[in-house]
Every structure is written in C-alpha cells, then in structure tokens.
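Trainee: after the sequence you'll find the predicted model.
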Amino acid sequence: MRFADVIGNADVAKALVSMADSGRVAHAMLMYENDGCGALALALAYVQYLNCSNPHDGDSCGECPSCRQMAKLIHPDVHFVFPVNKGPKTSDDKPTSESYIGYWRELAVAYPYFTEADLQRAIGIESKSGLIAVAEAKNIISRLSLTAVADGYKAVIFYLPEKMNQETANRLLKMVEEPPEKTIFLFITHAPEKVLQTIFSRCQSVRVMPLTKEEAQRARAMNPFDDSEEYNRFMELFSDLMNALLARDLMAALECGELMAALESREKQKAFCTFAADCMRKIFMTQQNMPQIAGIADEEQEFYATVVSRCGKSFCHKSIVNIEKVVAMIDRNVNSKILFCDLVNRIFLSI
Ligand SMILES: [Zn+2]
C-alpha cells in the first residue's frame with residue numbers, strides 16, 4: 001500500500017514520511033486509533049516506504065520487488081500478530097496468527113480499514129474473544145533473530161497489543177526494548193489504557209484520527225462486510241440509553257437494556273458492548289480536556305457535549321469496567337436479559 005492510497009490522516013502520513021527520511025525511525029511505535037480508522041493502512045504504507053528500493057516524492061514506488069511483496073502482504077521480513085482463538089478455520093489446537101495468516105492477508109489487502117469484529121468474522125471466531133498468547137511471542141522472537149531476507153527493515157505489525165497477557169508481554173519486552181538492528185515494532189491499539197505499561201512506555205505514540213464522514217464513506221465502500229447500518233443502530237441505542245440516564249428515567253433505561261439483550265446474536269451483543277465502551281472513552285477523553293484525542297464526528301458533537309457536561313468524573317471508568325464484565329459473562333452463556341438489565345442498573349447508579 002502506498003501513502004497515496006491511504007484514506008484520511010494526511011498529517012500522520014506526513015509525519016511518518018519525515019521520520020523515515022530523517023533516519024529517526026522509532027523502533028517501537030504505538031498507533032492509537034478508534035476501531036476501523038485505518039491505522040493498519042498507515043502502518044503498511046510506512047513499512048512499504050521504509051523498504052522501497054526507489055522511493056520518491058514522499059511515497060513508495062509501488063513497483064519494486066519489495067513494494068510488490070508488500071502489496072500482497074507476503075514480504076518475508078514483515079510479520080503480523082493479531083488476536084486469535086480456536087475455531088473452525090484452523091486445526092491448530094493452540095493457534096497463533098500464523099494459523100490464520102491467509103485469512104488475515106485476504107482481509108487486510110482488500111480492506112485495511114477493517115474493525116475487530118470484521119477480523120473475527122474473517123478468521124471464523126465470531127463467538128469467542130481473540131487473545132495473543134505466549135506462543136506468539138516465541139514465534140516473533142525466533143523470526144526476528146533470523147537474518148533479514150532483504151536489505152531493508154524487519155517489521156512486526158502488532159494488531160491490538162491490549163489482547164496480550166503479562167506473560168506474552170514479558171517475553172517480548174526485551175525484544176521491544178532492544179530490537180536487533182533495523183527492526184521495528186508497530187503496535188496498533190484501540191484501548192491504549194489497557195496496553196501493559198511496560199510495553200506502552202517503550203513506544204513512541206501516534207494518534208490516528210477518526211475518519212471524516214466523507215473519508216469513512218470511501219473506506220466503507222471497500223468493506224466486504226458493510227456495517228454502516230449497524231453503526232447507526234448502535235448509536236441510536238446508545239444515545240437512547242444516555243438520554244434515559246440523564247433524565248433519571250430508570251424504566252426507559254431498562255427498556256434499552258432489553259433491546260440490547262434482544263440483539264440477534266451473542267456476537268452482536270458483544271459488538272454493541274465494544275461500541276458502547278468506545279463511546280464511553282470518547283466521553284472520558286473529552287472530560288479530560290482532550291477532545292482532539294476523543295475523535296468525535298461532527299454530527300455527534302452536540303450529543304457528546306450534552307453528555308459530557310452532565311456525567312460525573314468517575315462515570316465512564318466505572319461504566320467501561322461494567323461493560324467489560326458483561327462481555328466476559330456473554331461468553332459464559334449467562335442469560336442476556338438479566339445481564340443487560342443488571343448492566344443498565346449499575347450504569348444508572350454510577351452516573
Ligand atoms: Zn518500491
């Protein structure tokens with residue numbers, strides 16, 4: 001992927017190019033995006049630029065052997081890590097990213113703006129949570145200790161480091177702190193507060209901004225699973241809930257809880273929870289006087305402004321914790337009506 005083909009975030013692209021041009025390539029970078037905003041597209045364009053044998057005008061050539069390998073995501077020195085679980089698309093008992101790499105390539109080549117839910121669908125683990133287990137760290141360490149096949153940079157594009165446990169992070173830490181020469185880690189996160197501090201503190205952070213409405217439409221046109229309808233449906237449900245809470249109308253709030261429980265599958269219920277947690281993060285960031293990081297779309301500014309001014313300081317944090325508990329319980333087959341009513345009750349009490 002060339003920078004010219006990346007939708008949105010021209011400033012981030014420019015910063016990456018000048019970093020590469022000046023030779024100040026950070027060996028560990030954490031790109032923070034809202035789910036589905038194209039950090040992967042930027043990461044791919046950046047690595048392609050670094051390894052291009054004929055870069056010009058601030059972009060890769062798109063034609064040299066390295067660029068051609070990058071276009072198919074088969075560059076031998078570029079590795080991908082993403083959360084996985086057991087599923088019907090692999091016979092591996094302890095799957096790693098390698099078990100699903102073909103599906104990853106297919107999705108990321110066609111549509112680098114995919115969401116977490118798109119990836120789960122693509123690798124066939126919709127009803128489970130993706131995790132990054134310690135076997136993944138071992139794979140990466142052994143691959144990075146090999147000599148680079150080509151002359152350029154070795155890169156690890158690490159999607160959602162927040163899904164790795166302490167053991168995995170411990171294994172990786174030394175490699176992230178002192179990587180072999182010309183080796184870079186690009187972490188893409190949706191929840192920077194959940195990235196283990198030991199990793200976070202070693203990274204240069206980059207904020208990838210949400211796409212504008214027009215950019216999002218262009219990106220979405222590439223989406224093999226169009227979910228704009230779902231976004232609107234979730235946003236409506238979330239704003240109904242917030243309006244009920246702010247009006248201190250418990251009955252109306254509980255009705256929203258019933259609608260959440262009535263979403264057609266456990267997968268959708270979890271997707272809604274992820275969506276609601278993202279919205280809570282936007283409220284939190286705005287309360288912290290970081291509206292530029294909150295990434296609120298223009299058409300939603302008014303809604304968030306009202307909510308932000310009327311929620312307590314600890315509301316978002318408590319709500320996110322409660323929402324995450326619900327996600328874990330959905331996986332355990334707990335009755336969803338009880339779960340969501342309980343969730344609404346807890347959120348109602350913490351506002
Ligand atoms: Zn090239």
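Mentor: Noted; the coordinates are in hand.
Trainee: C-alpha only now, for contacts and for neighbours.
Mentor: Noted.
Trainee: what about the residue nearest the centre of the chain, distance to residue 23?
Mentor: The residue lying closest to the centre of the chain (Cα atoms, centre = their mean) is residue 190, at 4.0 Å. Distance of residue 190 to residue 23, given as Cα to Cα, to the nearest Å: 28 Å.
Trainee: contact residues of this protein facing the ion?
Mentor: Within the chain, the residues that sit near the ion (Cα under 5 Å from the ion) are 52, 60, 61, 62, 64, 67.
Trainee: out of those, name the ones that lie in helices.
Mentor: Mapping the residues of the chain next to the ion onto helices (DSSP state H) picks out residue 67.
Trainee: for ChimeraX, what selects the buried ones among the residues of the chain next to the ion?
Mentor: A single ChimeraX command selects the buried members of the residues of the chain next to the ion (16 or more other Cα atoms under 10 Å):
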select :52,60,61,62,67
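Trainee: quick one on the thing from earlier: next, the residue nearest to the centre of the chain: phi, psi?
Mentor: phi -110, psi -10 (degrees, to the nearest 10).
Trainee: residue contacts, it?
Mentor: By Cα atoms under 8 Å, 6 or more residues apart in numbering, the contact list for residue 190 reads 32, 33, 34, 35, 160, 162.
Trainee: one more pass at 6 Å, please.
Mentor: Going by Cα atoms under 6 Å, 6 or more residues apart in numbering, residue 190 touches 32, 33, 34, 35.
Trainee: got CSV for those residues, with secondary structure too?
Mentor: Converted to CSV, the contacts of residue 190 look like this (DSSP: H, G, I helix; E, B strand; the rest coil):
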residue, secondary structure
32, strand
33, coil
34, coil
35, coil
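Trainee: what's the most distant pair in these?
Mentor: Maximum pairwise distance among the contacts of residue 190 (Cα to Cα): 9.2 Å, between 32 and 35.
Trainee: tell me the confidence at residue 138?
Mentor: In this model, residue 138 is scored at 94, pLDDT.
Trainee: contact partners for it?
Mentor: Applying Cα under 6 Å, 6+ apart, no residues qualify as near residue 138.
Trainee: regarding it, what is its secondary structure?
Mentor: Residue 138 is classified as helix under three-state DSSP.
Trainee: residue 36 now?
Mentor: Three-state assignment for residue 36 (three-state DSSP): coil.
Trainee: now swap in residue 157 and tell me
Mentor: Assignment for residue 157 (three-state DSSP): strand.
Trainee: same check on residue 25?
Mentor: coil.
Trainee: could you count how many residues lie near it?
Mentor: Residue 25 has 17 neighbours, counted by other Cα atoms under 10 Å.
Trainee: host element of the closest residue to it other than its chain neighbours?
Mentor: Among residues not flanking residue 25 along the chain, residue 19 sits closest, at 5.8 Å (Cα to Cα, 6 or more residues apart in numbering). Under the criterion of DSSP states H and E, residue 19 resides in helix 10-22.
Trainee: chain center to that helix: distance?
Mentor: Centroid displacement of helix 10-22 relative to its chain, using Cα atoms, centre = their mean, to the nearest Å, is 21 Å.
Trainee: swap in stretch 181-189?
Mentor: Using Cα atoms, centre = their mean, the offset of stretch 181-189 from its chain centre is 16 Å.
Trainee: tell me the contacts of the residue of the stretch 151-300 of the chain found nearest the ion?
Mentor: The nearest approach of the stretch 151-300 of the chain to the ion comes at residue 152, 11.4 Å away (Cα to the ion). Neighbouring residues of residue 152 by Cα under 6 Å, 6+ apart: residue 51.
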